[in-house]
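Asks: Here's my sequence, what's the structure:
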Amino acid sequence: MLYAIWLLPLSGGVLLWALGPQIRERAGWIASAIMAVAFVLTLAQFGAAAGSGYGVPLITWIPGFRFGLMLDPLSLVWTLIITGVGFLIHLYSIGYMDGDKAVARFFAYMNFFVFAMLTLVLSDNFAGLLVGWGLVGLASYFLIGFYFDRPSAVAAARKAFVINVVGDVGLLFAIFVMFSVTGSVVYSDVFSNVGLFSPGTLFLMCVAIFVGCAAKSAQVPLHTWLPDAMEGPTPVSALIHAATMVTAGVYLIARCAPLWSASAGARELVGVIGALTALTGAILGIGQWDIKRILAYSTMSQIGYMILGVGVGAYEAGVMHFFTHAFFKAQLFLASGLVIHALAGEQDVRKMGGLRTKLPLAFWAMVTGTLAICGVPGFSGFFSKDLVIYGVLMHGHPILYASAVVTAGITAYYMSRMIFVVFFGTDRTDHSAHPHHGVVPAWVMEAPVAILMVPTVFAGWLAFGGDTSPWARWLAPVFAGAVAPTYTPPLGEFVSTAIVFVVVLIGFGVAYQRYGSAAVASADASRLAQETQRMPAFMTRAFYFDDAIEVLFVKPAVRIGEFFGRYLDPVIIDGIVRDFAYLAQWVGHGVRLVQNGLVRSYAFVVVCFVMVFVAYFAVIGVPR
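Replies: Residues are numbered from 1 along each chain as shown. Sure thing, here's the model as predicted:
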């Protein structure tokens, strides 16, 4: 059954790729059916995955390189999201991609991406994980650059692929280190031999692993690919950048909990990067007006929360936030897709307004998703985000705790601003530019959004009860040896929750004052455009991360490439090849002069060499 869960999406991708021209419109239904079967099979494995779970072998190459699949409580959580939320996104895509000429290719890519993610999370060893890691990067390249006739989409796909390859190199280096010390790449072998690593080697290996995590999960400074990846279709944003791919780094750190628990330095590093990413993503979200880019930066910020949680040692909290985030962020992306679909591709929120009556489902989906991501009590994000924030304090990081609290307030501000601008006030849509404005989406687009609203509200209750909650008991076998918090926080959990909620309310209030009150709700697009002009340059230029990468890496790489292309390759490398060719021609010409076909010439040469040999031996004598 585990083999089937793993291979079904691959078979679907191959089938759709091979028979796409014949299948056409049915491609979406076939791909969705495959995902539904995989999800049902995953649910059937719930009991078997409990406790320590189980593994099934694949192949053994050499000692230490034993490949197999493993299903335990941690991998089951990811597999449920990949197949369950993945199924809903596939179903949604049937309506969203309706009429596209390459719909079969799109669903082939989607199924292949799911296979890659399952390879990543179900492998029982680091080598198999690395294979899935690379395949996920390849699949994301296909999906982000799906509209390959758009230069911006091609550039975004290339950027995502290159940055992810940087992470792949870091992960590969870590595998070299662990194999050199333990002689194995199997999880159980590496984790049971943590004591063989010196503190310096362990820290170095954890840093190399985190380089891979930072690239895949868009952590500072390797985050710049994530906003650009919005060039792909909206369902791609929901699948890759909300529920699965960008959380691969969270999974890897949680899976490597024995390594992180043994290295305090690694925990400090990851915690700081996670907090910095959460705060940076939230601040940059303020400067965005593209509805998908707003959600992209909120994804970056929320992944920062997850990395912060699993980094400092609050593993259950970080994984819980992944679980709830998968629902409410997928819902937010799909709901934004309803808006974009109804406005014939418009994504600038400054050109929207007053849509709550025209698109009621999208409105309520965006509202519930926003309440969840902001951590309003009762919604799923409230439980998971507060677990992370208070978990950071319990593990002795008051400064990171304060940063996480501030980030919650900023998140409430820019997310509620989006709600006010898009769904309230006057309609600022240019109807002449959007002749299909007001088109009601198909039910296959609305049904997944409505279904996702249920876990968006209720999924967090699994963590209610602290250490005795169903969530904590489910993951307890995975993190049994994790480092326990020893810091006595100055605040109780209830007081901390109250502080966070007050900060969130302040964010709501500021957003309402600026964009929700009657005085400003009717503002036209020009007034909103002026706000962008008044923003500091460091926000509109995204803290100059792209500029720094351009100066430090891209331009030097281009110049090196130009040097190789202009001088080294044609003059030196090609010159050496040409010189060998000239040498061969010269030798051949000399030999051709001797080979003239005249018997007397050959006899003359033989006589000359005989005379040379005779003279030689006459001088030095015949050897005995």
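Asks: what's around the closest residue to Gly337 other than its chain neighbours, how many residues?
Replies: Counting by Cβ to Cβ, 6 or more residues apart in numbering, Gly337 lies nearest to Thr234, which is 3.7 Å off, once chain neighbours are set aside. C-betas here are computed from N, CA, C, even on glycine. Using other Cβ atoms under 10 Å, Thr234 has 26 neighbouring residues.
Asks: The one 10 residues further on now?
Replies: A total of 28 residues lie near Thr244 under the criterion other Cβ under 10 Å.
Asks: Just give the number of residues close to Gly575.
Replies: 12.
Asks: thinking again about what came up before, can you pull the contacts of the residue nearest to Gly337?
Replies: Tyr96, Lys292, Phe333, Leu334, Ser336, Gly337, Ile340 (Cβ atoms under 8 Å, 6 or more residues apart in numbering).
Asks: same check, this time on Ala38
Replies: Ala38 touches Ala4, Ile5, Leu8, Pro9, Thr83, Phe87, Val114, counting by Cβ under 8 Å, 6+ apart.
Asks: from these, which two are the most distant?
Replies: Ala4 and Phe87 (15.1 Å; Cβ to Cβ).
Asks: The two: who's more crowded?
Replies: Phe87 (23 against 11).
Asks: can you tell me which residues contact the nearest residue to that one once chain neighbours are set aside?
Replies: Distance criterion Cβ to Cβ, 6+ apart; nearest residue to Phe87, sequence neighbours excluded, is Met35 at 3.9 Å. Neighbouring residues of Met35 by Cβ under 8 Å, 6+ apart: Pro9, Gly12, Thr83, Gly86, Phe87, His90, Asn111, Val114.
Asks: Thr488 is in contact with Leu393, correct?
Replies: No - with contact defined as Cβ atoms under 8 Å, Leu393 does not reach Thr488; the gap is 10.1 Å.
Asks: shaky segments in this protein?
Replies: The model of the chain has pLDDT under 70 over residues 242-243, 430-441, 517-526, 529, 532-533, 538, 540, 542-543, 621-624.
Asks: Swap in 50 and give it another go.
Replies: For the chain, applying pLDDT under 50 flags the ranges 437.
Asks: In it, which helix is the longest?
Replies: If you go by DSSP state H, the chain has its longest helix at helix 151-182.
Asks: Show me what it is packed up against.
Replies: Helix 151-182 sits against helix 126-144, helix 187-192, helix 199-216, helix 225-228, with contacts defined as 3 or more Cβ pairs under 8 Å, 6 or more residues apart in numbering; DSSP states H and E.
Asks: thinking again about what came up before, compare Leu393 and Thr488 and say which is more crowded by neighbours.
Replies: Using other Cβ under 10 Å as the criterion, Leu393 and Thr488 rank with Leu393 on top: 23 against 7.
Asks: Just put the contacts of Met35 in JSON lines and tack on secondary structure and distance to Tyr544.
Replies: Formatted as JSON lines, those follow (DSSP: H, G, I helix; E, B strand; the rest coil; distance: Cβ to Cβ, whole Å):
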{"residue": "Pro9", "secondary structure": "helix", "distance to Tyr544": "40"}
{"residue": "Gly12", "secondary structure": "helix", "distance to Tyr544": "43"}
{"residue": "Thr83", "secondary structure": "helix", "distance to Tyr544": "40"}
{"residue": "Gly86", "secondary structure": "helix", "distance to Tyr544": "36"}
{"residue": "Phe87", "secondary structure": "helix", "distance to Tyr544": "40"}
{"residue": "His90", "secondary structure": "helix", "distance to Tyr544": "38"}
{"residue": "Asn111", "secondary structure": "helix", "distance to Tyr544": "39"}
{"residue": "Val114", "secondary structure": "helix", "distance to Tyr544": "36"}
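Asks: sorry, back to before: could you tell me which of the contacts of Ala38 count as buried?
Replies: Buried subset of these (neighbour count, 16 or more other Cβ atoms under 10 Å): Ile5, Leu8, Pro9, Thr83, Phe87, Val114.
Asks: and the most centrally placed residue in the chain, what does it touch?
Replies: In the chain, the residue lying closest to the centroid (Cα atoms, centre = their mean) is Val246, at 2.8 Å. Val246 makes contact with Lys216, Ser217, Ala218, Leu226, Ile240, Thr299, Ile303, according to Cβ under 8 Å, 6+ apart.
Asks: Chain neighbours aside, what residue packs nearest to the fifth one?
Replies: The one in question is Ile240. Counting by Cβ to Cβ, 6+ apart, Ile240 lies nearest to Ser140, which is 5.5 Å off, once chain neighbours are set aside.
Asks: Quick check: that neighbour vs Ile307, distance?
Replies: Distance, Ser140 to Ile307, using Cβ to Cβ, to the nearest Å: 19 Å.
Asks: Have a look at those two and say which one is more surrounded.
Replies: Higher neighbour count among Ser140 and Ile307: Ile307, with 31 against 28, using other Cβ under 10 Å.
Asks: so where does that one fall, helix or strand?
Replies: According to DSSP states H and E, Ile307 maps onto helix 291-312.
Asks: ok, then the element right after that helix?
Replies: Remark: after helix 291-312, the chain's next helix or strand is helix 315-342, criterion DSSP H and E.
Asks: Output the contacting helices and strands for that next one.
Replies: With contacts defined as 3+ Cβ pairs under 8 Å, 6+ apart, the packing partners of helix 315-342 are helix 73-96, helix 234-238, helix 248-255, helix 291-312, helix 360-374, helix 380-394, helix 443-458, helix 470-475.
Asks: just how off-centre is it within its chain?
Replies: Its chain's C-alpha centre and that of helix 315-342 lie 14 Å apart, by Cα atoms, centre = their mean, to the nearest Å.
Asks: repeat for stretch 375-391
Replies: On Cα atoms, centre = their mean, the centre of stretch 375-391 falls 23 Å from that of its chain.
Asks: Tell me the buried residues in that stretch?
Replies: For stretch 375-391, the neighbour count (16+ other Cβ under 10 Å) marks 375-376, 379-391 as buried.
Asks: Ok, stretch 589-604 next?
Replies: Residues of stretch 589-604 classed as buried by neighbour count (16+ other Cβ under 10 Å): none.
Asks: Can you get me the start-to-end distance on that stretch?
Replies: 20 Å (Cα to Cα, to the nearest Å).
Asks: Show me what it is in contact with.
Replies: The set of residues external to stretch 589-604 that reach it, using Cβ under 8 Å, 6+ apart, is Val605.
Asks: gap between it and the chain center?
Replies: Stretch 589-604 has its C-alpha centroid displaced from the chain centroid by 71 Å (Cα atoms, centre = their mean).
Asks: what does stretch 455-475 give?
Replies: With Cα atoms, centre = their mean as the basis, stretch 455-475 stands 25 Å off its chain's centre.
Asks: how about it as CSV, C-alpha atoms only?
Replies: Output of stretch 455-475 as CSV, limited to C-alpha atoms (Å, rounded to 0.1, in the frame of the first residue of the first chain):
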residue,chain,number,x,y,z
PRO,A,455,-9.8,22.6,8.8
THR,A,456,-8.9,26.3,8.6
VAL,A,457,-11.2,26.8,11.6
PHE,A,458,-10.9,23.5,13.4
ALA,A,459,-7.6,21.9,12.7
GLY,A,460,-5.8,23.7,15.5
TRP,A,461,-7.9,22.2,18.2
LEU,A,462,-5.9,19.0,17.8
ALA,A,463,-3.2,20.8,19.8
PHE,A,464,-5.5,22.0,22.5
GLY,A,465,-4.4,20.6,25.9
GLY,A,466,-0.7,21.1,25.6
ASP,A,467,1.4,18.0,26.4
THR,A,468,-1.7,15.8,26.7
SER,A,469,-3.3,16.9,23.4
PRO,A,470,-3.8,14.4,20.6
TRP,A,471,-1.2,16.2,18.6
ALA,A,472,1.5,16.0,21.3
ARG,A,473,0.7,12.3,21.9
TRP,A,474,0.9,11.5,18.2
LEU,A,475,4.3,13.1,17.7
